[in-house]
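Asker: Next come a sequence and a model predicted from it.
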Protein chains: 2
Amino acid sequence: MNSNHPITIKDIARKFKCSPSTVSRALSNHPLINEDTRRNIQEYAQKVGYQRNSLSLGLRHSKSGTLGIIVPTINHFHETAMIEGLQSVLQSRGYMMNICVTNENYLLEKEYVEKLLANRVEGIFLSISQETYDSGHYEHLENVLQRHIPLIFIDREYDGVPTGSITVDDYLGAFAATEHLILRGCFRIAHLRGPNGLTVSERRFNGYKDCLEKHNIPLDENLVAYTNFKAESAVVPTRRLMSLSNPPDGIFGVNDYVSIASMQIIMEMGFTIPAQVAVIGFDNAPFSAYFNPSLSSVNRSSKLIGEEAARLFLAGLDSNITQLDNIVLPPELIIRGSTLR
Amino acid sequence: MNSNHPITIKDIARKFKCSPSTVSRALSNHPLINEDTRRNIQEYAQKVGYQRNSLSLGLRHSKSGTLGIIVPTINHFHETAMIEGLQSVLQSRGYMMNICVTNENYLLEKEYVEKLLANRVEGIFLSISQETYDSGHYEHLENVLQRHIPLIFIDREYDGVPTGSITVDDYLGAFAATEHLILRGCFRIAHLRGPNGLTVSERRFNGYKDCLEKHNIPLDENLVAYTNFKAESAVVPTRRLMSLSNPPDGIFGVNDYVSIASMQIIMEMGFTIPAQVAVIGFDNAPFSAYFNPSLSSVNRSSKLIGEEAARLFLAGLDSNITQLDNIVLPPELIIRGSTLR
DNA sequence: GTCATTTTTACAAACGTTTGCATAAGTTTC
DNA sequence: GAAACTTATGCAAACGTTTGTAAAAATGAC
């Protein structure tokens, strides 16, 4: 216990002048082991703080007790809430979580997948990176499936890889947000959208577009501006929008960061929210309720994504089914001051 | 490659009718291996997607290429920024990150430490849980040191365990925030503090207290209110404070979540910020700049904590020094609208 | 006291690597 | 053509477990 080298099963065997196999069986309550030896060994192991070597255990069984989680970034509450959700369900099952951040980089994602496989993880939860999505390279994921390692997409999925996924219906959420603005009397609705090509951006944009169409409002390209999901990136587009001769009376932001930055600029330019411009975001960030005015948003219960993904994984283990479900969670409209007019 | 079972060194050896040791040496560019065999084996390994089995490698060398990160929670940008910082430095060195969330629970922290040790992690970055701090149990940490596994405290340290740490001088930050309010003409300064007994809370409270003392302002117990770091927990205390016959003209919140919730209540109650009440937070949350008014805060560069911790770890590896540094980073006052008067 | 039966333990192989040492093959030297 | 090298490869043990099978010890039956 006070040595550099951790206690092994052999050390215990030497102590009791028996073989390692006896110790192993005693520790795992094998029925064929004498009750006395079993107790003695267990007590001694407890006393000296014996701890099974997970590496050796993993080598023996070709599994590691570890799960891989790959996310593009980890600096938003959305990702961390998903991780929390995963953890809350999986922690009691004794899994460790190997978390990898790809920075939206395909090569890094590929490298991490390979490393997780090399580490013999028992499952991978993946939120696919933008570059991977763009590149169309999915060999690294097919590799995972070929090895029969459960792969579950969280939040961002890819239809080309036949495996489980938990996503939120971004399209529906965007549609509802846009319709909410329309029902509150907005006619010229702008959208601060996310980058091209990313599923999240496109789906939210499509929800916005189709909702306008349903209500016979022509899509005005001038009212669609690009951001990179970060607050700062909404500043210039918002200035441009509000400087139009015919500025928007409603803004749907691709997320809450973008929306709060936009609100700040709008108020700075002398417009009132929600009277002159109504603003709605997406994600229901933990700070959104405390803004002035408080920000309406679309909640996509990030934590639930993680929890459901974890359950899906466990269900797959139990039932030994290879084809996992694709679950789409419904978004929820959260109405607050920024659209109350 | 398309089999369930991953390719091993033995498979390759069989293919080339040579021994596993030759393959092993060829793959690690051993000089005594014939150039041709080396190239052939490497090319073949590449082709069939051979991947070293990390478990076996780890077993052989009693190390896993993995680092443990233990944090009390993962739902604030502060923790994730630290993790990002760690990752940004350590990723290129090929380490994997095993992230454990203790929920401020001592038993869970102990369990995670043991598991990380069982997994033969090569280092542990720990932000100690509140319960552990309170309980005074540190055997699990001494165990880590006895095994000569580098242990580095991030953000929350404990003096009783002699090892490296990267912290931010909370006392100094709180002192500066309070002094800033005083210099802006505040006389009755309230503090929305964190829970009792937690180092972070106490240090910030002490900075506040000592600053008042320095400026000959008596500490009014009525102006000190408790929160649990969450936004909601600031609502009731703020109402109480602002309902006093002699309400505060300045509020120092223990973090930005608490501060924005407080600001909302203050404005709801008809006070103006900063004219009647100046508010300053702590942590410089990514959303704080976008509030109305924008929130002054104390920046503690969370990402830098992670980066420095990672560098400390690497420096310890290189120099083979056991006694790691205790680095205290300076906080930085960020002045915004909520105190501009 | 022998044989059959039950209980308990030990042996050895395996998981996939690495590595010290031995050995085989190839080259040089005289 | 033997001795002395150099170069290239193989053997076997080790890392810490688990587990099928064999064997030893204890018990019981006669």
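Answerer: Everything's here; your move.

Asker: Show me which residues of the stretch 201-341 of chain A sit near chain B.
Answerer: Neighbours of chain B within the stretch 201-341 of chain A, by C-beta under 8 Å from any C-beta of the partner chain: A:231, A:257, A:260-261, A:263-264, A:267, A:285-287, A:289-292, A:294. Every residue, glycine included, has its C-beta placed from N, CA and C.

Asker: Check which helices and strands the lowest-mean-pLDDT helix or strand in chain A sits against.
Answerer: Lowest by mean pLDDT, DSSP states H and E among the helices and strands of chain A is helix A:130-135, with a mean of 87. The contact analysis (3 or more C-beta pairs under 8 Å, 6 or more residues apart in numbering or on different chains; DSSP states H and E) places helix A:130-135 against helix A:106-118.

Asker: So is the helix it packs on next to chain B?
Answerer: Yes: interface with chain B: helix A:106-118 contributes A:108, A:114-118 (C-beta under 8 Å from any C-beta).

Asker: most neighbours, which of the residues you listed?
Answerer: In terms of neighbour count, residue A:116 stands highest of the residues of helix A:106-118 next to chain B at 26 neighbours, by other C-beta atoms under 10 Å in any protein chain shown.

Asker: pretty sure that residue contacts residue A:99?
Answerer: No: using C-beta atoms under 8 Å, residue A:116 is not in contact with residue A:99, being 10.5 Å away.

Asker: Could you tell me which residues touch both of these two?
Answerer: Residues touching both residue A:116 and residue A:99 by C-beta atoms under 8 Å, 6 or more residues apart in numbering or on different chains: residue A:70.

Asker: Return the set of buried residues in stretch A:87-101.
Answerer: Buried residues in stretch A:87-101, defined by neighbour count with 16 or more other C-beta atoms under 10 Å in any protein chain shown: A:87, A:89-91, A:95-101.

Asker: same thing with stretch A:226-239?
Answerer: So for stretch A:226-239, counting by 16+ other C-beta under 10 Å, buried means A:226-227, A:229, A:231, A:233-235, A:237-238.

Asker: Also stretch A:57-67?
Answerer: Burial within stretch A:57-67, assessed by neighbour count using 16+ other C-beta under 10 Å, is assigned to A:57-59, A:64-67.

Asker: Spatially, which two of these are the most separated?
Answerer: A:59 and A:67 (18.0 Å; C-beta to C-beta).

Asker: Can you narrow the residues of helix A:106-118 next to chain B down to the ones near DNA strand D?
Answerer: Contacts with DNA strand D are made by none of those, judged by C-beta under 7 Å from any atom of the strand.

Asker: Those residues into a markdown table, with extra columns for pLDDT?
Answerer: As requested, those are arranged in a markdown table below (pLDDT from 0 to 100):
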| residue | pLDDT |
| --- | --- |
| A:108 | 95 |
| A:114 | 94 |
| A:115 | 95 |
| A:116 | 96 |
| A:117 | 94 |
| A:118 | 94 |
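
Asker: Residue A:160 and DNA strand D: what is the separation?
Answerer: Relative to DNA strand D, residue A:160 is positioned 37 Å away (C-beta to the nearest atom of the strand, to the nearest Å).

Asker: Kindly indicate whether that residue is helix, strand or coil.
Answerer: coil (DSSP: H, G, I helix; E, B strand; the rest coil).

Asker: what sits against it?
Answerer: residue A:138.

Asker: Ok, the one 3 residues further on next?
Answerer: Residues near residue A:163 by C-beta under 8 Å, 6+ apart: A:141, A:145, A:150-153, A:324.

Asker: all helices for chain A, in order.
Answerer: Secondary structure of chain A (DSSP state H): helices at A:9-16, A:20-27, A:35-48, A:54-61, A:77-90, A:106-118, A:130-135, A:139-146, A:170-183, A:199-214, A:235-243, A:256-268, A:302-319.

Asker: List the buried residues in the first one.
Answerer: Going by neighbour count (16+ other C-beta under 10 Å), the buried part of helix A:9-16 is A:9, A:11-13.

Asker: Same check on the third one?
Answerer: By neighbour count, with 16+ other C-beta under 10 Å as the criterion, the buried positions of helix A:35-48 are A:38, A:40-42, A:44-45.

Asker: And for the last one?
Answerer: Of all the residues in helix A:302-319, those buried under the rule 16+ other C-beta under 10 Å are A:302-314, A:316.

Asker: What mean pLDDT does it get?
Answerer: Throughout helix A:302-319, pLDDT has a mean value of 93.

Asker: quick check: angle from that helix to helix A:77-90?
Answerer: Note on geometry: by axes from the mean of the first three to the mean of the last three C-alpha atoms, to 10 degrees, helix A:302-319 and helix A:77-90 are set 40 degrees apart in direction.

Asker: quick one: contacts of helix A:302-319?
Answerer: Looking at what lies outside helix A:302-319 - C-beta under 8 Å, 6+ apart - the contacts are A:67, A:77-79, A:81-90, A:93, A:123, A:125, A:150, A:152, A:154-155, A:164, A:166-168, A:283, A:321-322, A:324-325, A:327, A:329.

Asker: Centre of the chain to that helix, how far?
Answerer: Centroid displacement of helix A:302-319 relative to its chain, using C-alpha atoms, centre = their mean, to the nearest Å, is 12 Å.

Asker: Restricting to C-alpha, output that helix in CSV.
Answerer: What follows is helix A:302-319 as a C-alpha-only set of coordinates in CSV (Å, rounded to 0.1, in the frame of the first residue of the first chain):
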residue,chain,number,x,y,z
SER,A,302,-29.6,18.8,-24.0
LYS,A,303,-29.3,16.7,-20.8
LEU,A,304,-32.2,14.5,-22.0
ILE,A,305,-30.3,13.8,-25.2
GLY,A,306,-27.4,12.4,-23.1
GLU,A,307,-29.7,10.4,-20.9
GLU,A,308,-31.6,8.9,-23.8
ALA,A,309,-28.4,8.1,-25.6
ALA,A,310,-27.2,6.3,-22.5
ARG,A,311,-30.4,4.4,-22.3
LEU,A,312,-30.3,3.5,-25.9
PHE,A,313,-26.8,2.1,-25.4
LEU,A,314,-27.8,0.1,-22.4
ALA,A,315,-30.9,-1.2,-24.2
GLY,A,316,-28.7,-2.3,-27.0
LEU,A,317,-26.4,-4.2,-24.6
ASP,A,318,-29.3,-6.0,-22.9
SER,A,319,-31.2,-7.0,-26.0
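
Asker: Please name the nearest non-neighbouring residue to residue A:337.
Answerer: residue A:293 (3.3 Å; C-beta to C-beta, 6 or more residues apart in numbering or on different chains).

Asker: So that neighbour versus residue B:275, what's the distance?
Answerer: 20 Å (C-beta to C-beta, to the nearest Å).

Asker: before we move on, back to that, quick check, nearest of the buried residues of stretch A:57-67 to residue A:172?
Answerer: Nearest to residue A:172 among those, with distances taken as C-beta to C-beta, is residue A:67, at 29.4 Å.

Asker: give the contact list for the closest one.
Answerer: Taking C-beta under 8 Å, 6+ apart as the test, what residue A:67 contacts is A:86, A:90, A:95-98, A:121-125, A:313.
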